[in-house]
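J.: Just need the structure, nothing else, for what follows:
(2 chains)
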2 protein chains.
Amino acid sequence: MKESIGKVPGLAVILVGQRRDSLTYVRNKIKACEEAGIKSVVAEFPDSCAEEDIMTSLSKFNEDPSVHGILVQLPLPEHLDEEKILNLVSLEKDVDGFHPINMGNLSMRGREPLFVPCTPKGCLELLLRSGVEIVGKKAVVIGRSNIVGLPIALLLQRHHATVTIVHACTKNPERITCEADIVVTAAGVPSLIRSSWLKPGAVVIDVGTCPVEVD
Amino acid sequence: MKESIGKVPGLAVILVGQRRDSLTYVRNKIKACEEAGIKSVVAEFPDSCAEEDIMTSLSKFNEDPSVHGILVQLPLPEHLDEEKILNLVSLEKDVDGFHPINMGNLSMRGREPLFVPCTPKGCLELLLRSGVEIVGKKAVVIGRSNIVGLPIALLLQRHHATVTIVHACTKNPERITCEADIVVTAAGVPSLIRSSWLKPGAVVIDVGTCPVEVD
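T.: Residues are numbered from 1 along each chain as shown, chains lettered A, B, ... in the order given. Below you'll find the model as predicted:
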């Protein structure tokens, strides 16, 4: 990176608690940073930490010119105000794209967010690189989380798919998915989608990860 | 208003050009203000005005403590940068809810926008006051404009409908609408929806207005 752009980009990660999935995600991000020549720093906090400590750490990263991107690893423990914490991330450093202004610009036509959430962006890349046509296709997104389902639906819509979001309140979800050309599932429920839920030839991306017991 | 809340709320409207529909909308807003005891002021600009003039006027309204809400009547003439102008509206005075941060908070779960765009909010009120069940129902929104289609879809989703947005690229839109329990059309295309597009008992709200010739 230093050779190609003349300086070393810095990524700061805020990690609260000891969730296994969060630890894995953060470890993989740090590894990817090393491979790409990005300097990374992880601020770790115990599960029981005070909101103030995180806010202070975030403010420092916001002001630190050697930090160009900030990730707050989600989910945060219940007692912390996720909205308040994410809103403090400087817009220019919101590399996760979770700031409402980035999400608003993602949802609005003719606007461009500064950053697009990475998992949804990865899904889109998968479709594009695999030559899957999106324009005019019926796409169903299962799950409406702020960090995956919603931004994937918005991205597919930006690419002119006809998008339906299926969620926990949807009646007969299989009747909707079986009409879809593209199904993206991000529900966190293992084995939710059965073959009867899909039409032949449908493109399916399973974003969910669940730890499952194996013999 | 003065009696009930102790002060007179102020609404500022920015109107550019002489579009007939815009003039009608603004006239109706002013009338509604008078009826409700809201002081209104309209800043009118010619079609050919400079962007700077609007920005200056907007800044003044932002700083004016007697102005509590600001509306920029859309659409603006082509030569003006709508995004730049709308982004200047102070978040606390963005009564149209068109600021991306309001739209982002409308789209995200667990967030609350300061303001919700009025036409979408009106549609929702219509449904709620008419006792139409929304949770779990299939809703189709036709049109994906930032000011009507998108926020209606987001609002219906917030009320736990299963929402599909149909737009100009959608293939066989009637196959999608005829499955819907609720159809909201905001496409600006007269006579687009035919009876064959609807299932018996579907609730339909037509938001579009089009001047049509009559004998």
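
J.: Endpoints of stretch A:195-202, how far apart?
T.: Start-to-end span of stretch A:195-202 (C-alpha to C-alpha, to the nearest Å) is 10 Å.

J.: Please enumerate residues in contact with it?
T.: A:Pro173, A:Glu174, A:Thr177, A:Cys178, A:Glu179, A:Ala180, A:Asp181, A:Ile182, A:Val183, A:Val204 (C-beta atoms under 8 Å, 6 or more residues apart in numbering or on different chains). Any C-beta I mention is one placed from the backbone N, CA and C, and that applies to glycine too.

J.: Show me just the buried residues among these.
T.: Among those, those that count as buried by neighbour count (16 or more other C-beta atoms under 10 Å in any protein chain shown) are A:Pro173, A:Thr177, A:Cys178, A:Glu179, A:Ala180, A:Asp181, A:Ile182, A:Val183.

J.: Among these, name the ones in strands.
T.: A:Ile182, A:Val183 (DSSP state E).

J.: from the buried ones among the contacts of stretch A:195-202, which is closest to A:Val67?
T.: The nearest member of the buried ones among the contacts of stretch A:195-202 to A:Val67, counting by C-beta to C-beta, is A:Ile182 at 36.5 Å.

J.: Across the sheet, point out what pairs with that closest one.
T.: According to DSSP bridges, the partner residues bridging A:Ile182 are A:Ala139, A:Val203.

J.: so what's it up against?
T.: When contacts are counted by C-beta under 8 Å, 6+ apart, A:Ile182 touches A:127, A:132, A:134, A:137-140, A:156, A:161, A:202-205.

J.: cutoff 7 Å now
T.: Contact analysis of A:Ile182 by C-beta atoms under 7 Å, 6 or more residues apart in numbering or on different chains lists A:Leu127, A:Val132, A:Lys137, A:Ala139, A:Ala161, A:Ala202, A:Val203.

J.: if we can go back for a sec, among the contacts of stretch A:195-202, which one lies nearest to A:Asn105?
T.: Once C-beta to C-beta is applied, the member of the contacts of stretch A:195-202 that ends up nearest A:Asn105 is A:Ile182, at 23.4 Å.

J.: how much space is there between that closest one and chain B?
T.: 13 Å (C-beta to the nearest C-beta, to the nearest Å).

J.: Get me the contact residues on chain A for chain B.
T.: A:83, A:100-105, A:107-111, A:135-136, A:144, A:146, A:150, A:157, A:160, A:162-166, A:169-171, A:176 (C-beta under 7 Å from any C-beta of the partner chain).

J.: I'd say A:Gly69 and A:Asp94 touch.
T.: No. Using C-beta atoms under 7 Å, A:Gly69 is not in contact with A:Asp94, being 8.1 Å away.

J.: Looking at the two, which is more packed in?
T.: A:Asp94 (24 against 21; other C-beta atoms under 10 Å in any protein chain shown).

J.: still on that earlier bit, could you tell me which of the residues of chain A next to chain B count as buried?
T.: A:83, A:100-105, A:107-108, A:111, A:144, A:146, A:150, A:157, A:160, A:162-166, A:169-170, A:176.

J.: Show me those that map onto strands.
T.: Per DSSP E, the subset of these in strands is A:Thr162, A:Val163, A:Thr164, A:Ile165, A:Val166.

J.: circling back to that earlier point, can you redo the contacts of A:Ile182 as JSON lines with neighbour count and pLDDT?
T.: Shown next, in JSON lines, are these (neighbours: other C-beta atoms under 10 Å in any protein chain shown; pLDDT from 0 to 100):
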{"residue": "A:Leu127", "neighbour count": "22", "pLDDT": "98"}
{"residue": "A:Val132", "neighbour count": "14", "pLDDT": "98"}
{"residue": "A:Lys137", "neighbour count": "22", "pLDDT": "97"}
{"residue": "A:Ala139", "neighbour count": "24", "pLDDT": "98"}
{"residue": "A:Ala161", "neighbour count": "27", "pLDDT": "98"}
{"residue": "A:Ala202", "neighbour count": "17", "pLDDT": "97"}
{"residue": "A:Val203", "neighbour count": "18", "pLDDT": "97"}
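
J.: Nearest to A:Glu34, out of those residues: which one, please.
T.: Sorting the contacts of A:Ile182 by distance to A:Glu34 puts A:Leu127 at the head of the list, at 28.5 Å, by C-beta to C-beta.

J.: correct me, but that closest one touches A:Ile134?
T.: Yes. A:Leu127 lies in contact with A:Ile134 (C-beta under 7 Å); the separation is 6.1 Å.

J.: what is in contact with these two at once?
T.: If you check A:Leu127 and A:Ile134 against C-beta under 7 Å, 6+ apart, no residue is contacted by both.

J.: ok, and the helix or strand in chain A with the lowest average confidence?
T.: helix A:2-5 (a mean of 75; mean pLDDT, DSSP states H and E).

J.: tell me which residues in that helix are buried?
T.: Applying 16+ other C-beta under 10 Å to helix A:2-5 flags no residue as buried.
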